[in-house]
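Peer 1: Provided below are the primary sequence and the corresponding predicted coordinates.
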Amino acid sequence: MFGPIQNTFALALLDPQRPVPGALVSHTASPPAKRFAVYRNNVVVGLVNALAKRFPAVQRIVGEEFFAAMARVFVIENPPRSPVLMFYGDDFLDFIASFEPAAELPYLADVARLEAARTRAYHAAEAKPLDPAILQSLDKAALGEIRIVPHPSAEIVRSKFPIVTIWAMNAGEIELAPIEDWSGEDALVVRPALEVEVRALPAGGAAFLSALFAGAPLAAAAGTALGESADFDLAANLAGLIGAGAVTKVFLANLQKDEMP
Amino acid sequence: MTVRNHITTATIAGSLAAAIAMLSAPAWGAPKPPQPTMDKCYGISLKGQNDCAAGAGTTCAGTSKVDYQGDAWKYVAKGTCDAMRTPKGMGSLMPIKS
């Protein structure tokens, strides 16, 4: 019974070309056009601000005016499907990638992808990273078959652009400067304790971690990484992976019960 | 035919031992200036700001000004993108090689 009214209301909310819903009444005017315009505006402004909060580096790269205008187009086309706003904009990066006015900044969507991963890491479950001392107690003969449990917050973001540098420059981590080395950077995003951390991965690192995170045993993951980059350094990557707190457990697949604490 | 990259158990054991040594080396814990382009490795931890507030957008942040318009696109990126331009590209932000 309220379906048609709600539909008309929702459509008019995001499309100013549509008339104010006729069913709206107030004690001053009917339909209350001005009040509806305020509400219409606040809905869009509120969602644009939510995106600006989630994608501050993207906003800094393009400037507030461009960002607000771009976000507005996205908001109109993609209103939230959930009342939980903290993940609103998961598909903003796809929108940016296909948004023609942003085409001259081909790295922008990947920076957005990094920022989206950071928000997910921020809200991911708490977990204690693996104690490196446990590694010394592992059976050496079975090392190649070891698998890991990734930290719930850990995510890999790969890019053919220097996104870690670009992000860091726009998140206040390093100074803004021309980027001499315009080669791609892969990022590990993880929140081992209270703060979300972003680390640039060395050659083959993303392939190695992606394989491990997907459940591949250590030897196979190292083989995949070597296949992608001859410069892959297993020791450095193991140290980095553990040191970053991106692993919570190691175990042998055929000995599930002997899972390390 | 693809060549499988065979990793021996000895290689893994050696790498793990080296990794443990790296993790316990005092230099690992020392703070380093973040220079992701200079030193592409896990050792650099960039934090950024945790300002992705869960409640963003839930406030009545909008103004009563009706600034929502269905205008044609007219905005130009005016942020930091110019400052980051690669000197080699002369205005082109496309990578030299992908």
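Peer 2: Noted; the coordinates are in hand. Numbering: from 1, shown residues only, chains lettered A, B, ... in the order given.

Peer 1: Contact partners for the closest residue to A:Asp231 other than its chain neighbours?
Peer 2: Nearest in space to A:Asp231, with sequence neighbours left out and distances taken as C-beta to C-beta, 6 or more residues apart in numbering or on different chains, is A:Ala203 at 4.1 Å. Every residue, glycine included, has its C-beta placed from N, CA and C. Counting by C-beta atoms under 8 Å, 6 or more residues apart in numbering or on different chains, A:Ala203 touches A:Ser229, A:Asp231, A:Phe232, A:Asp233, B:Lys40.

Peer 1: any idea which of those is closest to A:Pro56?
Peer 2: Taking C-beta to C-beta as the measure, A:Pro56 sits nearest to B:Lys40 out of the contacts of A:Ala203, at 23.8 Å.

Peer 1: How confident is the prediction for the closest one, by pLDDT?
Peer 2: According to the prediction, B:Lys40 has pLDDT 48.

Peer 1: Show me which pair in the contacts of A:Ala203 is furthest apart.
Peer 2: Based on C-beta to C-beta, the longest span within the contacts of A:Ala203 runs between A:Phe232 and B:Lys40 and measures 12.7 Å.

Peer 1: can you list residues touching both of the two?
Peer 2: Shared contacts of A:Phe232 and B:Lys40, defined by C-beta under 8 Å, 6+ apart, comprise A:Pro202, A:Ala203.

Peer 1: doesn't A:Val164 make contact with A:Ala187?
Peer 2: Yes - A:Ala187 is within contact range of A:Val164, at 5.0 Å (criterion: C-beta atoms under 8 Å).

Peer 1: which residues do these two both contact?
Peer 2: Common neighbours of A:Ala187 and A:Val164 (criterion: C-beta under 8 Å, 6+ apart): A:Leu114, A:Val198, A:Arg199, A:Ala200.

Peer 1: pLDDT weak spots in chain A?
Peer 2: With pLDDT under 70 as the threshold, chain A has low-confidence stretches at A:1, A:29-30, A:254-261.

Peer 1: Just say helix, strand or coil for A:Arg199.
Peer 2: Using DSSP: H, G, I helix; E, B strand; the rest coil, the secondary structure recorded for A:Arg199 is strand.

Peer 1: what's the burial count for it?
Peer 2: Using other C-beta atoms under 10 Å in any protein chain shown, A:Arg199 has 26 other residues around it.

Peer 1: And the shared contacts of A:Ala187 and A:Val164, which is closest to A:Ala211?
Peer 2: When these are compared for distance to A:Ala211 (C-beta to C-beta), A:Arg199 wins out at 17.6 Å.

Peer 1: pretty sure the closest one contacts A:Ala244?
Peer 2: Yes - counting by C-beta under 8 Å, A:Ala244 is a contact partner of A:Arg199 at 5.7 Å.

Peer 1: A:Phe161 touches A:Tyr107, doesn't it?
Peer 2: Yes - at 3.6 Å, A:Phe161 counts as touching A:Tyr107 under the criterion of C-beta under 8 Å.

Peer 1: Out of the shared contacts of A:Ala187 and A:Val164, which are close to chain B?
Peer 2: Contacts with chain B within the shared contacts of A:Ala187 and A:Val164, as defined by C-beta under 8 Å from any C-beta of the partner chain: A:Val198, A:Arg199, A:Ala200.

Peer 1: Pairing partners for the last one in the sheet, please.
Peer 2: Going back to what we said before, that points to A:Ala200. Applying DSSP bridges to A:Ala200 gives these bridge partners: A:Ala187.

Peer 1: gap between it and A:Leu93?
Peer 2: As judged by C-beta to C-beta, to the nearest Å, A:Ala200 and A:Leu93 stand 19 Å apart.

Peer 1: neighbour-wise, which of the two wins?
Peer 2: A:Ala200 (26 against 21).

Peer 1: I'd say that one and A:Glu185 touch.
Peer 2: Yes - proximity of A:Ala200 to A:Glu185 meets the contact threshold set by C-beta under 8 Å, at 5.2 Å.

Peer 1: tell me the angle the helix or strand containing A:Trp167 makes with strand A:197-201.
Peer 2: Assigned by DSSP states H and E, A:Trp167 falls within helix A:163-170. When axes from the mean of the first three to the mean of the last three C-alpha atoms, to 10 degrees is applied, the directions of helix A:163-170 and strand A:197-201 differ by 140 degrees.
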